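Below is the sequence, then the predicted model.
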Amino acid sequence: MSKQTAQKERSMELQKEMISAHFKRLARAREEGKKVVYTFVPGNLNELVWSFDMLPVHPEINALQSGMRKLSGAYVQEAEKFGHSEDVCTYVKCDIGMLKRGNVGPTGEKLPEPDLLLLSYTGCFTFMKWFELLRAEYDCPVAMLHVPYQAGGRMTPEMVGYVVKQLREEVIPLMERISGRPYDEAGLSERLASSARAEENLVAVWETAKHRPSPIDAYFGGVYYIGPIFSAFRGLESCETYYETLRGEVEERMRKGEGPITPEGTVEHERYRLVVEGPPNWTSFREFWKMFYDEGAVVVNSTYTKVGGLYDDGFRHDPARPLETLAEYCLGCYTNLNLPSRVAYLERAIQDYGADGFLINSVKSCNSFSAGQLLMLRELEKRTGKAGGFIESDLVDPRYFSAANIKNRLESYFQMIEAKRQE
Amino acid sequence: MSVEAIVARCEALYNDLDLGFVQDWKREHGAKAVGFMPIYVPRELVDAAGMLPVGIMGGGDAVEIIRGDAYYQSYICHIPRSTIELALAGRLDCLDGMLFPAICDVIRNLSGMWQMMFPGKYVRYMDFPQNFAPGIGGEFYATELRALREELGALSGRAATDEALADAIALHNANRRAIAALYALRAVSPHLVPTSELYLVMRASNVLPVDAHTRLVDEYVAAARASNRLALDNIRVIVTGVFCEQPSLGLIRALEQSGCYIVDEDWVLGARYIQGDIEVGDGDPLRALCDAYLLQGLPTSSRYIAEDRKGRDLVERVRALGAEGVIFASPSFCDPALLEAPMLQSALTDEDIPYTSFKFSENSGQYQAIKEQTGTFSDSIKLWGTA
């Protein structure tokens, strides 16, 4: 690790400005007569939301931001006071708790109430209950978009047709009614074209991790890289600019043979190349990351950075088929893939990115990710012969992050990789 | 047959975790069997293909989990680990396939695990639509059902023809009517139909062919009506949250012993998920099956309710059945039950309907704390009309 202080690249500043501007827009939404749509990251329809000139809010993003700002613990406990079980998803409880405490967003500005809950039911059962809970709080319309699960390991024309039909006959008419604007397919297509350009650059960024040393950390750094495209900005010019800038910076680092940027400088000696499955912990994110970069462990591919869109296999939004492409996007998100497909994805990632091993961070909150991960671990070890590690934490409940325990496990895991190298 | 004899037969089936009955049935009929997880699958299609549908509800408190725990973290519910345990021990070998309905992420992912762990077996995830418009969700579901029909026919070697499907629907309609009569009798005279018995009669629906189960229910209803059991000074409660992982029989008995007549619940929901008859007439039986799901399905947690307030159905059932309170019995780490509960509880609070809640696991062996809790709930309602 270099001793230099934290580097600030242009892309980082850009993202910060984008987020800040968006929350300011949201704070002014009522006075400016803008309609607000709450929706989820996986299977989000940002281009469609923006094409109606409405503003998207993503409750998971608020929850993870609350986690990083050490606010989520109190929010979770607030929700539990209202009868929410300690067993269930802490994103949900963080959101409910934040709402009960005044719905002040991560930047300190109050979030506007939703005019529409756009319930894209992609890859996670809890989403449905989450918006049922919010509907009871806000008493606003819900647009349900049921996205079938790729149980058979493929996307069928019937699945795409079903999603398109819901969009055309139910979701879009409701958005027209709420926004007071007609559906503008040409405008939607332009935004989709913009998305595709941003996606192209994002994939190029991911691909740089095949280089040795990797210029990026595709998990801890990766969660910043997905920020704009997974949240409110896909389909906007600012998003395109961000990914052009990011790609330029990352490719420059790759040319110079530099490692990933961390909060404490650049990783100078890449000792372990890892693939990580599962979301990160947000409440102790920096501490968690440090456990890796202190050991020279660099994540070269991760599945969490594919929950809001899986572009590695060639999917790009297609402006010529606007509703079909939105359907295919929703169907293709990572947690909407069946377990054999997820294992196959990880296996390819381990091989293609020259990983020394793979690690599963199993989070208590997320059964969509977690149920079955122990079988995935065995299967991947069997198929790849690489060392598999398993740690447990949670998304935004600080009570479930045991630093000493995780550190011990990681140290043992790195020793295991060393032992494998001796074989 | 006496009540005791019927219940003894049902209890033997309930305890038969090796599925001996299913093995015998297969030998006798030279046919196959297909398992299914809670809550609901269209069993009529399995029947129409000449196979036996077999409900799998985990291992209860009778299975020691050794290998199953190695597949699940501590914060995942219990039913998938005991189901895996049964399968790895070879106790589900007689099942030629498994259906995994869309109920939650755990059961959904179990379908993928099954594909990887038992590659020779037929596996299908039943993706039920959450859009209930016949022209949208209905079209999608009809496609799913057609694919299921083809696959089941291929597995069985006998096509599930329209005629066979219409016949199966008729048999299941008769079963639904018999079950409705059983539930109606319990609602009126819960002292004649202890829920611990009703539960065993319903669990028998998981393995018996549908017509045999209908006869069993009819016999039980007749025998229960003829019994001379005395009514106790119990409160009338509805138990909710138990649509997937099941309480042990001991826990059900403990609830009753604590002074509660259970007049409705949501366990073994598959056999009564479709409310009323499925009308086929001269139409397409597959479309009738599809429409029944869209329009006649029970409002459980795994089903999206677009318009109604959550909990309205529960409040209406409380009123209709004269229940004095509601018990929320949720399996630990059950997302559908636990995420739903605050909304249902809010609806009850608005109507001044008392409730209490506890969590359990299918293998919970200590009932005393729960019994004391529900006993106090019962006493407080008896004494003050409120909890």
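Happy to help now that I have it.

Pull up the gap between the residue nearest to A:Glu113 when sequence neighbours are not counted and chain B, please.
In space, A:Glu113 comes closest to A:Tyr138 once its chain neighbours are excluded; the distance is 5.5 Å by C-beta to C-beta, 6 or more residues apart in numbering or on different chains. The C-beta positions use only the backbone N, C-alpha and C, and glycine is treated the same way. Using C-beta to the nearest C-beta, to the nearest Å, one gets 13 Å for the distance from A:Tyr138 to chain B.

Next, the contact list for A:Tyr138, please.
Listed by C-beta atoms under 8 Å, 6 or more residues apart in numbering or on different chains, the contact partners of A:Tyr138 are A:113-114, A:117.

any idea how far it lies from A:Lys24?
22 Å (C-beta to C-beta, to the nearest Å).

Figure out the helix or strand that the residue in the stretch 201-350 of chain B positioned nearest to chain A lives in.
Nearest residue of the stretch 201-350 of chain B to chain A (C-beta to the nearest C-beta) works out as B:Leu339 at 3.6 Å. Secondary structure assignment for B:Leu339, by DSSP states H and E: helix B:335-350.

Can you list the low-confidence ranges for chain A?
When residues are selected by pLDDT under 70, those of chain A lie in A:1-6.

Can you give me the neighbour number for the residue in it that chain B sits nearest to?
With C-beta to the nearest C-beta as the measure, A:Leu339 is the residue of chain A nearest to chain B, at 2.8 Å. Counted by other C-beta atoms under 10 Å in any protein chain shown, the residues lying close to A:Leu339 total 24.

cool, and A:Ala198?
So A:Ala198, with other C-beta under 10 Å, has 28 neighbours.

got the contact list for residue 77?
Just so you know, I chose chain A. With the criterion set at C-beta under 8 Å, 6+ apart, A:Gln77 makes contact with A:Gly97.

ah, no, chain B please
For B:Cys77, the contacting residues are B:106, B:244-245, B:331-334, B:361, by C-beta under 8 Å, 6+ apart.

Which residue would you name as the spatial centre of chain B?
By C-alpha atoms, centre = their mean, chain B has its centre lying nearest to B:Val268, at 1.9 Å.

Give me the spatial nearest neighbour of that residue, chain neighbours excluded.
Per C-beta to C-beta, 6+ apart, closest to B:Val268 is B:Met202, 4.0 Å.

Helices of the stretch 51-200 of chain B, start to end?
Under the criterion DSSP state H, counting those that start in this stretch, the stretch 51-200 of chain B contains helices at B:79-88, B:105-117, B:137-156, B:162-188, B:195-203.

average pLDDT for the helix or strand following the last one?
Moving toward the C-terminus from helix B:195-203, the next helix or strand (DSSP H and E) is helix B:210-226. Average pLDDT, helix B:210-226: 98.

Can you spell out which helices and strands pack onto helix B:210-226?
helix B:3-15, helix B:162-188, helix B:195-203 (3 or more C-beta pairs under 8 Å, 6 or more residues apart in numbering or on different chains; DSSP states H and E).

how about the CA coordinates for the shortest one, as CSV?
Listed in CSV are the C-alpha atoms of helix B:195-203, where the atom choice follows Å, rounded to 0.1, in the frame of the first residue of the first chain:
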residue,chain,number,x,y,z
THR,B,195,-57.6,-28.7,15.3
SER,B,196,-54.9,-31.2,16.1
GLU,B,197,-57.2,-33.8,14.5
LEU,B,198,-58.3,-31.5,11.6
TYR,B,199,-54.6,-30.9,10.9
LEU,B,200,-53.8,-34.6,10.6
VAL,B,201,-56.8,-35.1,8.3
MET,B,202,-55.5,-32.2,6.2
ARG,B,203,-51.9,-33.5,6.2
